[in-house]
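> Sequence and predicted structure are below.
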2 protein chains.
Amino acid sequence: MDAETGTGLQALGNVGVVGLGLIGGSIALDLRQQGVPVTGLVHRDRTAARALQRGLVDEVSCQPSCLSVCNTVILALPIEALLKPEPTLVEALPRDAVVTDVASVKGAVLEVWRHRHPRFVAAHPMAGTDQSGVDAGLSGLFQGRPWVATPEPSTDPQALARVKTLAEGLGSEWITADAGCHDQAVALVSHLPVMVSAALLRAAGEERDPRVLNLAQRLASSGFADTTRVGGGNPALGTAMASRNTAALLKALAAYRWSLEQLEEAILSGHWAQLENELHRTSTLRPGFVEKGSGPITPAV
Amino acid sequence: MDAETGTGLQALGNVGVVGLGLIGGSIALDLRQQGVPVTGLVHRDRTAARALQRGLVDEVSCQPSCLSVCNTVILALPIEALLKPEPTLVEALPRDAVVTDVASVKGAVLEVWRHRHPRFVAAHPMAGTDQSGVDAGLSGLFQGRPWVATPEPSTDPQALARVKTLAEGLGSEWITADAGCHDQAVALVSHLPVMVSAALLRAAGEERDPRVLNLAQRLASSGFADTTRVGGGNPALGTAMASRNTAALLKALAAYRWSLEQLEEAILSGHWAQLENELHRTSTLRPGFVEKGSGPITPAV
């Protein structure tokens, strides 16, 4: 089957996956299970051996030249490595291959990559767990999750179509958006919650009265656990998000600060009917973001 | 067995439960399952009929005089009703009965109740679901959950011991604390998260660019769902918490605002090592509040 015109995953041809952590490993597993040949490129011999042992790849190498046989290359590197790519990696990418990435920030990635490869497609599969490394990859990770591509006028339409085939072949919902829109939306629903949640952990955890702190620790229940979950996550990830999506995150933080001030002002003034209205309005906003069915558990008064 | 010296739940004697919603109904169910006779007092005939039908109580009435046979009375009313008790209810409480409550705010409750009954014990079982009403009560709701009492120097020690018997008989962890400490701790881990979470819903839900808003709604995942869960809860409950624990909540909000400003300042200044340190510190604070095992799910970068 011709690699460019096939409709199934076979259209990807030989696939190279650069980095076999959570996202790269999961993509590789799903592709292999559907019969697509996968070559992995990793940094360390030990990672290479483990990737073979786990059956993530057909072939694996620490030499970028292994990509020469690939028709499609997925850059599944940590964002810092993606934004400062090794020249040997860039040189090893076949010029006629389709190259795509998986980073959660698209503006910064396009700045670096739009001139580095003629068939680059910026993309972001929105899926994950809290695991990382070569043992983290799972099959079925992308099933039902959004896979956002942020094409530009200069993006090769056939390359874009091939990344769509990849995303849909792994069960994802395909979405295209402007990179700026994507980065602002992700700042609101993914990067801002990390800061909001981390600040809550600090406010509670740095309570100065040891009696209050001790009691707060004993009384914290599912509401506190849920609200602080993303703030207790990987500090390096949170920092990478903030440093690579700074303008959008600062804009989101400003909107957040304004929202919180409205609530605080109502409390300070004792405008309880207004506070109840505000909380009612926020409760009606949630279903737009969160499927029904995953109902809230609220603490009892 | 003497009601005052028994060690099991029989020491409670006849129990009156005022209000048969989530908390009152759950207490009643657990008590009856252990053979303790329960009399319910409710407002409406229809609630009374349903309570009997569900087997929550042995007897039920809409007349406060039904409490005259009770040795222990649990006031499981909504906080507003508890803080403005009907005179007929107060008059109907036997003077030698032990009277306790279940509200999440203790300072305001003590102000109202410490002079209204000689054997009043302020208490707060920390358990709940998002359900309410006469159909909400569940057996086993308090198993393994904290049950905090906030005795004062004037609190009757025998009355306090009887409430401890109740709490432990229902499987709770018994904690005593100063009311002010309790209210500040609950502000930090329960009332503050509601405001923090509601403000996040507003910041995202009131995004003015419709393309960004639409994309944010499609991309919101488990991290956003978790962080906004308590903010999307019952507006009347959130308002009652804020209006009855105002000083402690405002103090908690001030601490929160300061914490968020530290993070925002690091982002604004591009002090990434400092931001990573801060996020590392917050991630180490979380296990003090949340048992291990309920691990975080963080979005992928």
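Sure thing, it's come through.
> Is any residue of the lengthiest helix in chain A near chain B?
When chain A is parsed with DSSP state H, its longest helix is helix A:246-269. Yes: with C-beta under 8 Å from any C-beta of the partner chain as the measure, helix A:246-269 is seen reaching chain B through A:246, A:249-250, A:252-253, A:255-260, A:262-264, A:267-268. (C-beta placed from N, C-alpha, C; glycine too.)
> Just the buried residues of those.
The neighbour-count test (16 or more other C-beta atoms under 10 Å in any protein chain shown) marks A:T246, A:L249, A:A252, A:L253, A:A255, A:Y256, A:S259, A:L260, A:L263, A:E264, A:I267 as buried among those.
> residues of stretch A:199-206 that come out buried?
A:A199, A:L200, A:L201, A:R202, A:A203, A:A204, A:G205.
> can you list the residues that contact it?
A:213, A:216, A:220, A:224, A:227-228, A:231-232, B:188-189, B:192-193, B:196, B:252, B:255-256, B:258-260, B:262-263, B:278, B:281-283, B:285-286, B:288-289 (C-beta atoms under 8 Å, 6 or more residues apart in numbering or on different chains).
> In CSV, list the C-alpha atoms belonging to it.
Once non-C-alpha atoms are left out, stretch A:199-206 reads as follows in CSV (Å, rounded to 0.1, in the frame of the first residue of the first chain):
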residue,chain,number,x,y,z
ALA,A,199,-1.0,27.7,46.0
LEU,A,200,-3.7,25.9,48.0
LEU,A,201,-1.2,23.3,49.2
ARG,A,202,1.2,26.1,50.3
ALA,A,203,-1.6,28.1,52.0
ALA,A,204,-2.6,25.1,54.1
GLY,A,205,0.8,23.5,54.5
GLU,A,206,2.5,26.7,55.7
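> now it: how far from the chain's centre is it?
Stretch A:199-206 sits 26 Å away from the centroid of its parent chain (C-alpha atoms, centre = their mean, to the nearest Å).
> And for stretch A:195-212?
27 Å.
> Also stretch A:44-61?
The answer for stretch A:44-61 is 23 Å, by C-alpha atoms, centre = their mean.
> could you give me the average pLDDT of it?
Averaged across stretch A:44-61, the pLDDT comes to 97.
> and the end-to-end length of it?
9 Å (C-alpha to C-alpha, to the nearest Å).
> Give me the buried stretch members for it, please.
A:T47, A:A48, A:R50, A:A51, A:L56, A:V57, A:D58, A:E59, A:V60, A:S61.
> Same check on stretch A:94-114?
A:94, A:97-110, A:112-113.
> Quick check: A:V57 vs A:C66, distance?
To A:C66, A:V57 is 10 Å away according to C-beta to C-beta, to the nearest Å.
> Check the contact lists of these two and give me the overlap.
A:T39.
> re the thing from before, can you go through the contacts of stretch A:199-206 and name the buried ones?
Buried members of these, scored by 16+ other C-beta under 10 Å, are A:213, A:216, A:220, A:224, A:227-228, A:231-232, B:188-189, B:192-193, B:196, B:252, B:255-256, B:259-260, B:263, B:278, B:282-283, B:285-286, B:289.
> The nearest residue to A:S65 once chain neighbours are set aside - how many residues pack around it?
Excluding its sequence neighbours, the residue lying closest to A:S65 (C-beta to C-beta, 6 or more residues apart in numbering or on different chains) is A:A92, at 5.7 Å. By other C-beta atoms under 10 Å in any protein chain shown, 19 other residues sit near A:A92.
> Could you measure from A:A92 over to A:D58?
From A:A92 over to A:D58 (counting by C-beta to C-beta), the distance is 18 Å.
> can you tell me how far the residue sitting nearest the centre point of chain A sits from chain B?
Of all residues in chain A, the one closest to the mean position by C-alpha atoms, centre = their mean is A:S104, 4.2 Å from it. Going from A:S104 to chain B by C-beta to the nearest C-beta, to the nearest Å gives 5 Å.
> Tell me which helix or strand that residue sits in.
Under DSSP states H and E, no helix or strand contains A:S104.
> per-residue confidence at A:Q131?
At A:Q131, pLDDT is 85.
> Skipping adjacent residues, who's closest to it in space?
In space, A:Q131 is closest to A:L22, 5.9 Å off (C-beta to C-beta, 6+ apart).
> The residue lying closest to A:A81 once chain neighbours are set aside: neighbour count?
Excluding its sequence neighbours, the residue lying closest to A:A81 (C-beta to C-beta, 6+ apart) is A:G19, at 7.6 Å. A count of neighbours around A:G19, defined by other C-beta under 10 Å, yields 25.
> What does the residue nearest to A:Q131 show for phi and psi?
phi -50, psi -50 (degrees, to the nearest 10).
> Might one say that it is in contact with A:D130?
No: A:L22 is not in contact with A:D130 according to C-beta atoms under 8 Å; the separation is 9.1 Å.
> A:L141 and chain B: what is the separation?
Counting by C-beta to the nearest C-beta, the gap from A:L141 to chain B is 9 Å.
> for A:R244, what are its contacts?
Here A:R244 is in contact with A:I79, A:L83, A:A103, A:V105, A:A108 (criterion: C-beta under 8 Å, 6+ apart).
> The same query, at a cut-off of 7 Å, please.
Contacts of A:R244 were listed using C-beta atoms under 7 Å, 6 or more residues apart in numbering or on different chains, and they are A:I79, A:V105, A:A108.
> What is the nearest of these to B:R119?
If you rank those by distance to B:R119 using C-beta to C-beta, A:V105 comes first, at 61.9 Å.
> chain center to stretch A:145-161, what's the gap?
Per C-alpha atoms, centre = their mean, the centroid offset for stretch A:145-161 relative to its chain is 17 Å.
> B:Q53 versus A:L285, what's the distance?
Taken as C-beta to C-beta, the span from A:L285 to B:Q53 is 37 Å.
> so what's A:V42 up against?
A:V42 neighbours (C-beta under 7 Å, 6+ apart): A:G19, A:L20, A:A48, A:A51, A:V60, A:C62.
> Mind checking which of these land in strands?
A:V60 (DSSP state E).
> Sort out for me which of the contacts of A:V42 are in helices.
Using DSSP H, the subset of the contacts of A:V42 located in helices is A:A48, A:A51.
> Tabulate the contacts of A:V42 (a markdown table), appending distance to A:S139.
Formatted as a markdown table, the contacts of A:V42 follow (distance: C-beta to C-beta, whole Å):
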| residue | distance to A:S139 |
| --- | --- |
| A:G19 | 18 |
| A:L20 | 14 |
| A:A48 | 20 |
| A:A51 | 14 |
| A:V60 | 18 |
| A:C62 | 25 |
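> What score does A:G293 have for pLDDT?
On the pLDDT scale, A:G293 gets 39.
> Over to A:P299?
37.
> A:R95 is in contact with A:R116, isn't it?
No: using C-beta atoms under 7 Å, A:R95 makes no contact with A:R116, being 11.0 Å away.
> how about the helices in the stretch 101-250 of chain A?
A:107-113, A:157-169, A:179-186, A:192-205, A:210-219, A:222-228, A:235-244, A:246-269 (DSSP state H, counting those that start in this stretch).
> wait, does the third one make contact with chain B?
Yes: for helix A:179-186, a contact with chain B is found by C-beta under 7 Å from any C-beta of the partner chain, at A:C181, A:H182, A:Q184, A:A185, A:V186.
> Pick the one among those residues closest to A:T150.
Out of those, the member with the shortest distance to A:T150 (by C-beta to C-beta) is A:H182, at 5.1 Å.
> quick one, what contacts that closest one?
A:K106, A:H124, A:V148, A:T150, B:L215.
> same thing with A:L188?
A:L188 touches A:A252, B:A203, B:A204, B:E207, B:A216, counting by C-beta under 7 Å, 6+ apart.
> and with 10 Å instead?
Counting by C-beta atoms under 10 Å, 6 or more residues apart in numbering or on different chains, A:L188 touches A:248-249, A:251-252, A:255-256, A:289, B:200, B:203-205, B:207, B:212-213, B:215-217, B:219-220, B:224.
> Any idea how many residues pack against whichever residue of the stretch 51-200 of chain A sits closest to chain B?
Across the stretch 51-200 of chain A, the shortest distance to chain B (C-beta to the nearest C-beta) belongs to A:G128, at 3.1 Å. A:G128 has 24 neighbours, counted by other C-beta under 10 Å.
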